[in-house]
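K.L.:
Sequence and predicted structure below; questions after.
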Amino acid sequence: MVKNIYLNNLEFKTHAYNLGGSDKKSKGQIAVWKINTGSSEIYNQLERETVLGPKRQIIQIEEISLDRVDDVLPPDAIINFAMIDVERMEIACLLGMKDVIARSPNIIIIAEWSGWSH
């Protein structure tokens, strides 16, 4: 994403944060899947074994920080656009940005939706 921002000359209009959007501050593990590396997601061992099955092979697992957008942005921040691509954490991410959404009357939100939620 950072490279895309730079290539489109948007570095003075937008900012990318190196964390996962959530409804609480915590740590998580992100799994990079062998089948589709672009579909990395917060890793849950029990869920993988019971829901996803053994066919989804993992290339690597890394620890990441999760945080609420409301806690990362300044308390008076108003935003016009949010793009959310958080692989099965959409609801948690939206809950974690409810304050900024409330004070941003013209906000446009584009969210990639996987159809799942934690």
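P.N.:
Everything's here; your move. Numbering: from 1, shown residues only.
K.L.:
tell me the contacts of residue 108?
P.N.:
Contact partners of residue 108, counting by Cβ atoms under 8 Å, 6 or more residues apart in numbering, are 80-82. For glycine as for every other residue, the C-beta is placed from the backbone atoms N, C-alpha and C.
K.L.:
what sits against the nearest residue to residue 11 once chain neighbours are set aside?
P.N.:
Spatial nearest neighbour of residue 11, chain neighbours left out: residue 5 (5.7 Å); criterion: Cβ to Cβ, 6 or more residues apart in numbering. By Cβ under 8 Å, 6+ apart, the contact set of residue 5 is 11, 14, 16.
K.L.:
How much space separates residue 5 from residue 16?
P.N.:
Separation of residue 5 from residue 16 (Cβ to Cβ, to the nearest Å): 6 Å.
K.L.:
returning to that earlier point: dump the contacts of residue 108 into CSV; add neighbour count and distance to residue 61 as well.
P.N.:
CSV is the format used below for these (neighbours: other Cβ atoms under 10 Å; distance: Cβ to Cβ, whole Å):
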residue, neighbour count, distance to residue 61
80, 10, 35
81, 12, 31
82, 18, 27
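K.L.:
how far does stretch 108-115 sit from the chain's center?
P.N.:
Centroid displacement of stretch 108-115 relative to its chain, using Cα atoms, centre = their mean, to the nearest Å, is 10 Å.
K.L.:
In the chain, what residue spans correspond to strands?
P.N.:
In the chain, the strands defined using DSSP state E lie at 20-21, 26-33, 41-42, 58-67, 81-84, 108-111.
K.L.:
Tell me the strands beside the first one, with direction?
P.N.:
Using DSSP bridges, the strands paired with strand 20-21 in its sheet are strand 58-67 (parallel).
K.L.:
And stretch 88-99, end to end?
P.N.:
With Cα to Cα, to the nearest Å as the measure, stretch 88-99 spans 21 Å from end to end.
K.L.:
average pLDDT for it?
P.N.:
On average, the pLDDT along stretch 88-99 is 91.
K.L.:
For it, buried residues please.
P.N.:
Neighbour counts over stretch 88-99 (16 or more other Cβ atoms under 10 Å) mark 88-90, 92-97 as buried.
K.L.:
Sweet, I'm off.
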